[in-house]
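Student: After the sequence you'll find the predicted model.
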Amino acid sequence: MPQTLAAPAHSELIIKKSRFIGCVQPMPDRASAQAHVDALWKEHPGAAHICWALLAGGQSAAVDDGEPGGTAGRPMLDVLRHQDLEGVLATVVRYFGGVKLGAGGLVRAYTDTVAQALLTAPKVQLQRMKTLQCLVPYAQEGLLRREIDAAGAELLQVQHGTVVTLQLRLPEAHAAAFVQRINDIGQGRVGWDDAPG
């Protein structure tokens, strides 16, 4: 089952006078990743390269930022894939030390920097979430809100019309049991949109 990171983790390597500053961190999408890389450039205006790799479903990316093609971004992405991670950004800021490393040396430097950061990175299981919409009479709104809290679900939206419509999100693995429990205590007065099968 894929994992993501609970918090950023850092590493730093010096290889033949070049300084490689690595970071791995949770990141939801490419726009957020690009904004983070832009901020890194402001932090490290003297860096030679800021290479990065994002593993985030269809928004994944691998950027060599001027290093020879395939020597930085793609190897960094492979390290993330090998660790079965999802929703993770790896960045490596390189300060050039005057000694060329060659293609093999660059691949090793970038993969080692990311791998070192991942050694200390706190990992958490990635849970698939399910959004449910529940329709209840006004008299049962309080009961349902207590059940949502007890299940550790997130209440997203409440609408008051002829009935109360509550939209909630919880781990997909718990959705069917939650629906069954609400149906049992609701005595047939609870309606569902998008209920799990």
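Tutor: Cool, the structure landed.
Student: ok, Leu77 - contacts?
Tutor: Counting by Cβ atoms under 8 Å, 6 or more residues apart in numbering, Leu77 touches Ala53, Leu54, Leu55, Ser60, Ala61, Ala62, Ala90. Just so you know, the C-beta spots here come from the backbone N, C-alpha and C atoms, and that holds for glycine as well.
Student: and the closest residue to Ala72 other than its chain neighbours, how many neighbours does it have?
Tutor: Nearest non-adjacent residue to Ala72, counting by Cβ to Cβ, 6 or more residues apart in numbering: Cys51, 3.7 Å away. Per other Cβ atoms under 10 Å, the neighbour tally for Cys51 reads 28.
Student: Show me what Cys51 bridges to in the sheet.
Tutor: Val92 (DSSP bridges).
Student: pretty sure it contacts Val92?
Tutor: Yes - if you go by Cβ atoms under 8 Å, Cys51 and Val92 touch, sitting 5.1 Å apart.
Student: By mean pLDDT, which helix or strand of the chain comes out lowest?
Tutor: Here the helix or strand of the chain ranked lowest by mean pLDDT, DSSP states H and E is strand 123-125, holding a mean of 82.
Student: Each with direction, which strands does that strand pair with?
Tutor: Strand pairing (DSSP bridges) places strand 123-125 next to strand 3-5 (antiparallel).
Student: tell me the mean pLDDT over the strand or helix carrying Gln157?
Tutor: Using DSSP states H and E, Gln157 maps to strand 154-160. Mean pLDDT, strand 154-160: 90.
Student: Please identify the buried residues of whichever helix or strand comes after it?
Tutor: Note on strand 154-160: by DSSP H and E, the next helix or strand toward the C-terminus is strand 164-171. Using 16 or more other Cβ atoms under 10 Å as the test for burial, strand 164-171 gives Val164, Thr165, Leu166, Gln167, Leu168, Leu170.
Student: again with stretch 20-32
Tutor: Residues of stretch 20-32 classed as buried by neighbour count (16+ other Cβ under 10 Å): Phe20, Ile21, Gly22, Cys23, Val24, Gln25, Pro26, Met27.
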